[in-house]
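Visitor: I would like to see how this sequence folds:
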Amino acid sequence: MCGRFTLTADTKKLAEAFAGFEVPADMTPRYNIAPSQPVAVIANNGQNKVEFFQWGLIPSWAKDPKIGNRMINARSETLAEKPSFRNAYKRRRCLVLSDGFYEWKKANGAKTPMFIHLASDEPFAFAGLWESWHSPDGSTILSCTIITTEPNELLVEIHNRMPVILPPAAYETWLDPAERGPDQLTSLLRPFPAAEMAAYPVSTLVNNPKNDLPECVAPRQTLL
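Guide: Numbering: from 1, shown residues only. Coordinates of the predicted model:
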């Protein structure tokens, strides 16, 4: 599961990492992004720019948008089968921009928050799906979910799942607006190489989503 992440890189760094896509000039650093909040995405909707969708996918057929609270992640192994995700998997894919995420490591009856990032400290993209939900009052909610997969050698010591991180070479295929089947996409949904990632313990500040502070990503000096 991926339940918290960050996007702290400045506009220049994001523009370099996602060349060819329009990046807003006023991106605010986020140190503790939580479900139901707006997240930066690049969708395969022909806009070729960073937009902000609600984190927690609301299927177009849903009667209650609160269903999105349970749809922050989607298992890669069952995307083609689950009614909530299968149509979006075929047609509505997106990149969810990030530069790190949190998982809680269980040991000796305690949970230690860990910050996981690329060893290069560069921004990256989670593989995501998106939907457009129309409410009875005529308003529209654009929402998304983050796809997860089996953990790599680094994450397996921390959690039993990890978000799918797409290499830049996969962006074009993932964002193709044409309908694509699992035979064309499944190979992209694999664990990111552990050798290119790093992790360290951080403060329990991150446990509270109200704490959106640089201190959330500061290395924890002493494990309790």
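Visitor: Make sure Asn173 is indeed in a helix.
Guide: That one is not Asn; residue 173 is Thr. Yes - counting by DSSP: H, G, I helix; E, B strand; the rest coil, Thr173 is located in a helix.
Visitor: Quote the end-to-end distance of stretch 168-175.
Guide: 11 Å (Cα to Cα, to the nearest Å).
Visitor: swap in stretch 11-26?
Guide: From its first residue to its last, stretch 11-26 covers 7 Å (Cα to Cα).
Visitor: low pLDDT regions in this protein?
Guide: 222-224 (pLDDT under 70).
Visitor: now the strands: where do they sit in it?
Guide: Along the chain, counting by DSSP state E, strands occupy 4-7, 30-33, 38-43, 51-55, 73-75, 93-98, 100-107, 110-118, 124-134, 140-149, 162-163, 165-166, 197-201.
Visitor: Same list, these, but as a markdown table with distance to Arg220 and mean neighbour count please.
Guide: C-beta coordinates here come from the backbone N, C-alpha and C atoms, glycine included. Converted to a markdown table, the strands of the chain look like this (distance: least, Cβ to Cβ, whole Å; neighbours: other Cβ atoms under 10 Å):
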| stretch | distance to Arg220 | mean neighbour count |
| --- | --- | --- |
| strand 4-7 | 15 | 22 |
| strand 30-33 | 14 | 20 |
| strand 38-43 | 25 | 22 |
| strand 51-55 | 25 | 20 |
| strand 73-75 | 25 | 20 |
| strand 93-98 | 21 | 26 |
| strand 100-107 | 11 | 18 |
| strand 110-118 | 8 | 18 |
| strand 124-134 | 23 | 23 |
| strand 140-149 | 25 | 22 |
| strand 162-163 | 21 | 26 |
| strand 165-166 | 23 | 24 |
| strand 197-201 | 4 | 17 |
